[in-house]
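Q: need the 3D shape of this:
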Amino acid sequence: MTTPAREGARDRGLVLLLVLLALPILVYGMASHGVSTSDEAYYHGVAEHMVESGDWFHVVFRGAHRPFDAFMNAPLQYWSRAGLISVFGSSYYTMRALSALFAIASLLVTVRLVRSLSDRHTALLAGVIQLTTFQLVYMHSGRTGVLEPVVMFLVTLAALSFIRVLETGRGLVLHHVCLVLLLNVKAPTVALPVLAELACFALIPRSRPQLRRWLVLGLAVAPIGLLWHAVNVVVLWEQLPGVLELMGQHAGDTGREGFFARRGSNLVYYATALLFGAFPYSLMYPFAMSAALWGDAGGGAPKRDGWRVLGLYVAAIVVFFVFIDKRYHWYVIPAIPFLSAFVALWLRNLAMGPPSRLALAMLSLVLGAVAAIDVRMRELNPFDPLFDLYVVSGRGGSMLEMRSWALFAAVSIGAFIVLWLVSSRVGARAARPLAWSVMALVVGVGAARVLAPLDKVDFVTPAEALRREIDLARETGRELDYPLRVPRGRANAWGSRFYFADDFRLVQDGAGYLIYPKEPEGEPVP
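A: Numbers count the residues shown, from 1 in each chain. Just a heads-up that it's a prediction; the model follows:
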């Protein structure tokens with residue numbers, strides 16, 4: 001008989017195994033490449049200014065005060081980065097360490113979340129699926145110095161603590177701490193768990209007795225969560241109208257499309273981003289969620305309600321960002337832990353008994369797509385600023401190209417016939433080998449996508465190469481022919497300012513930035 005102590009030891013071993021798998025994927029070559037996204041340049045530059053100036057209140061990037069970001073993305077993440085710089089110095093390590101740390105932490109929370117709703121093997125599989133999701137590693141996430149891993153961790157922890165509240169009545173304080181932290185890391189994202197849980201109270205009867213406690217504690221901690229923003233309202237009173245106007249532009253319709261057309265195009269945009277960023281797991285998302293939410297997730301009513309909570313979290317994330325006019329592919333990253341959990345549960349259920357014909361048909365479609373879609377793994381370089389700009393533009397889906405619809409149809413039909421014959425003849429004995437084969441295939445493709453770009457980790461961005469050239473010229477006394485040019489398409493705006501704005505004068509033109517020597521103090525700028 002397995003004792004609780006032995007169960008705990010096995011769970012801790014699971015956590016250790018996942019951390020050991022995650023470290024090389026998320027940490028190897030962390031400091032080997034230059035700035036690859038605008039946001040990591042911006043966040044690190046703000047933190048550098050805090051340390052250099054001693055002013056930890058104002059959000060300033062390369063001499064420009066940014067009141068909008070004082071409301072939207074502050075203060076905790078800037079203070080955390082500034083703390084790392086204070087202790088370890090400014091480097092690419094301190095630029096990206098928080099992202100890697102919280103990406104790993106989110107894996108562990110996902111494992112704990114799934115373990116509370118299913119068995120240990122499903123929990124480990126969910127963590128492995130999340131770790132081998134390309135978007136989670138490269139696309140504005142774990143390997144870049146950005147906010148999304150922190151947001152993902154806090155949203156997943158909020159879901160875990162909320163499910164614990166429903167099951168035991170405990171954990172509400174931890175849950176509301178997550179809300180306060182979200183509000184002070186990336187303010188709009190606090191709406192994600194709030195919307196999901198309001199939907200839970202409306203749709204899951206067992207959750208309603210907790211509504212009063214949820215509201216009362218929420219009102220009690222709201223002043224703490226809003227303290228930073230309240231102070232900024234007073235301090236930045238004159239800039240507040242401009243900040244509010246910019247917030248409205250981000251949230252509201254810009255007039256480029258009709259209201260419903262914009263919502264539809266946003267939905268297509270995020271579906272395309274997930275299809276590319278989470279391939280091949282994204283092929284299973286609709287099937288896995290449908291099977292869990294409308295089938296038997298196992299574990300009785302409390303566990304089924306837990307999976308429904310996860311489904312409502314996914315729905316809240318998608319709906320919220322579909323209705324926000326401003327869109328970027330990384331906005332949906334907080335949904336990936338929950339989607340990974342659904343895929344793990346679906347694959348685990350394949351191993352539990354003879355799969356239905358519907359499950360076999362779904363599985364056959366997935367196998368057909370995996371065989372027929374060209375992932376172009378060797379061509380991707382996520383360390384090049386062009387990569388993120390290409391995906392942001394909405395063309396990321398074109399990186400997944402269907403080799404042949406005929407091949408897709410042939411593999412799908414052939415796979416269904418083979419799987420149906422094997423299942424019919426062998427019965428339940430075929431379930432486990434079938435499930436293991438599918439797991440090996442999809443995890444293998446996911447792992448290959450994640451590992452393939454690591455051979456490009458030493459990529460030197462054009463902006464960094466130009467900065468090195470300038471520094472070398474200064475050391476050797478060589479004259480440079482100014483102005484120098486940094487093409488915008490290969491070195492994003494924040495990246496150019498990160499490398500050059502402190503020491504040079506930047507002039508923006510249609511093709512990018514022209515770099516001039518800074519005028520001596522007191523001379524007029526032409």
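
Q: secondary structure class for the residue nearest the centre of the chain?
A: In the chain, the residue lying closest to the centroid (CA atoms, centre = their mean) is residue 333, at 3.1 Å. Classification of residue 333 using DSSP: H, G, I helix; E, B strand; the rest coil returns helix.

Q: would you map the strands across this protein?
A: Assigned strands in the chain, in chain order: 60-61, 64-65, 373-374, 401-402, 484-487, 504-509, 512-517 (criterion: DSSP state E).

Q: out of the ones you listed, the one nearest residue 445 is which?
A: For the strands of the chain, distance to residue 445 was read as CB to CB. The smallest value, 9.9 Å, belongs to strand 373-374. All C-beta spots, glycine's among them, are computed from the backbone N, C-alpha and C.

Q: circling back to that earlier point, who wins for proximity to residue 429 among the strands of the chain?
A: strand 373-374 (31.4 Å).

Q: quick one: mean pLDDT over that closest one.
A: Averaged across strand 373-374, pLDDT comes to 86.

Q: and that strand, how far from the chain's centre?
A: Centroid separation for strand 373-374 versus its chain: 23 Å, with CA atoms, centre = their mean, to the nearest Å.

Q: pairing partners for it, with directions?
A: strand 401-402 (antiparallel) (DSSP bridges).

Q: just checking, what packs against the longest helix along the chain?
A: The helix spanning the most residues in the chain, taking DSSP state H as the definition, is helix 92-117. On a contact count with 3 or more CB pairs under 8 Å, 6 or more residues apart in numbering; DSSP states H and E, helix 92-117 meets helix 4-27, helix 38-53, helix 76-88, helix 120-131, helix 148-168, helix 300-322, helix 336-350.

Q: pick the most buried one from these.
A: Counting by mean count of other CB atoms under 10 Å, helix 336-350 has the highest mean neighbour count of those, with a mean of 26.

Q: now the angle from it to helix 120-131?
A: Calculated by axes from the mean of the first three to the mean of the last three CA atoms, to 10 degrees, helix 336-350 forms an angle of 140 degrees with helix 120-131.

Q: that older thread, what residues sit buried inside the longest helix of the chain?
A: Along helix 92-117, these residues count as buried under the neighbour rule (16 or more other CB atoms under 10 Å): 92, 94-117.

Q: can you give me the helices for the stretch 151-300 of the chain?
A: In the stretch 151-300 of the chain, the segments counted as helices under DSSP state H, counting those that start in this stretch are 172-183, 191-203, 211-225, 227-235, 240-251, 259-277, 285-294, 300-322.

Q: quick check, residue 323 in contact with residue 264.
A: No. Counting by CB atoms under 8 Å, residue 323 does not reach residue 264; the two are 11.6 Å apart.

Q: coming back round to it: with distance to residue 476 and mean pLDDT as added columns, please give the helices and strands packed on helix 92-117 in JSON lines.
A: Shown next, in JSON lines, are the helices and strands packed on helix 92-117 (distance: least, CB to CB, whole Å; pLDDT from 0 to 100):
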{"stretch": "helix 4-27", "distance to residue 476": "35", "mean pLDDT": "85"}
{"stretch": "helix 38-53", "distance to residue 476": "27", "mean pLDDT": "93"}
{"stretch": "helix 76-88", "distance to residue 476": "30", "mean pLDDT": "95"}
{"stretch": "helix 120-131", "distance to residue 476": "45", "mean pLDDT": "94"}
{"stretch": "helix 148-168", "distance to residue 476": "41", "mean pLDDT": "95"}
{"stretch": "helix 300-322", "distance to residue 476": "50", "mean pLDDT": "91"}
{"stretch": "helix 336-350", "distance to residue 476": "48", "mean pLDDT": "93"}
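
Q: so which of these is nearest residue 486?
A: So among the helices and strands packed on helix 92-117, helix 38-53 is nearest, using CB to CB, at 12.6 Å.

Q: which strands and helices sit next to that closest one?
A: Using 3+ CB pairs under 8 Å, 6+ apart: helix 38-53 touches strand 60-61, helix 76-88, helix 92-117, helix 493-500.

Q: angle of the second one against helix 92-117?
A: To tie it back to what came earlier, the one meant is helix 76-88. 130 degrees.

Q: helix 76-88: how far from the chain's middle?
A: Worked out by CA atoms, centre = their mean, helix 76-88 lies 21 Å from the chain centre.

Q: what do you get for the first one?
A: Average the C-alpha atoms of strand 60-61, do the same for its chain, and the two points are 24 Å apart (CA atoms, centre = their mean).

Q: of all the helices of the stretch 151-300 of the chain, which one comes closest to residue 46?
A: Of all the helices of the stretch 151-300 of the chain, it is helix 227-235 that lies closest to residue 46, at 14.7 Å by CB to CB.

Q: report the buried residues of the closest one.
A: For helix 227-235, by 16+ other CB under 10 Å, it's 228-229, 232.

Q: wait, what's in contact with the closest residue in space to the residue nearest to the centre of the chain that isn't next to it in sequence?
A: Excluding its sequence neighbours, the residue lying closest to residue 333 (CB to CB, 6 or more residues apart in numbering) is residue 148, at 4.5 Å. Counting by CB atoms under 8 Å, 6 or more residues apart in numbering, residue 148 touches 99, 140-141, 330, 333-334.

Q: can I get these in TSV including pLDDT and distance to residue 48?
A: Output for these, formatted as TSV (pLDDT from 0 to 100; distance: CB to CB, whole Å):
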residue	pLDDT	distance to residue 48
99	95	17
140	89	21
141	91	22
330	91	23
333	95	25
334	96	27
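
Q: can you list phi and psi of the nearest residue to residue 384 once chain neighbours are set aside for me?
A: Leaving out its chain neighbours, the residue that sits closest to residue 384 by CB to CB, 6+ apart is residue 459, at 6.0 Å. Backbone geometry at residue 459, expressed as degrees, to the nearest 10, gives phi -60, psi 130.

Q: stretch 370-387: end-to-end distance?
A: 23 Å (CA to CA, to the nearest Å).

Q: I meant to write stretch 456-466 there.
A: Start-to-end, stretch 456-466 (CA to CA) is 19 Å.

Q: now stretch 263-278: mean pLDDT?
A: 90.

Q: how about the CA coordinates for that stretch, as CSV?
A: What follows is stretch 263-278, C-alpha atoms only, in CSV (Å, rounded to 0.1, in the frame of the first residue of the first chain):
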residue,chain,number,x,y,z
ARG,A,263,-13.9,40.8,-33.0
GLY,A,264,-13.9,38.2,-35.7
SER,A,265,-10.5,39.2,-37.1
ASN,A,266,-9.1,39.2,-33.5
LEU,A,267,-10.4,35.7,-33.0
VAL,A,268,-8.8,34.5,-36.2
TYR,A,269,-5.5,36.3,-35.3
TYR,A,270,-5.3,34.5,-31.9
ALA,A,271,-6.3,31.2,-33.3
THR,A,272,-3.6,31.5,-35.9
ALA,A,273,-1.0,32.5,-33.3
LEU,A,274,-1.9,29.5,-31.2
LEU,A,275,-1.9,27.2,-34.2
PHE,A,276,1.7,28.2,-35.0
GLY,A,277,3.0,28.8,-31.5
ALA,A,278,1.6,25.6,-29.9
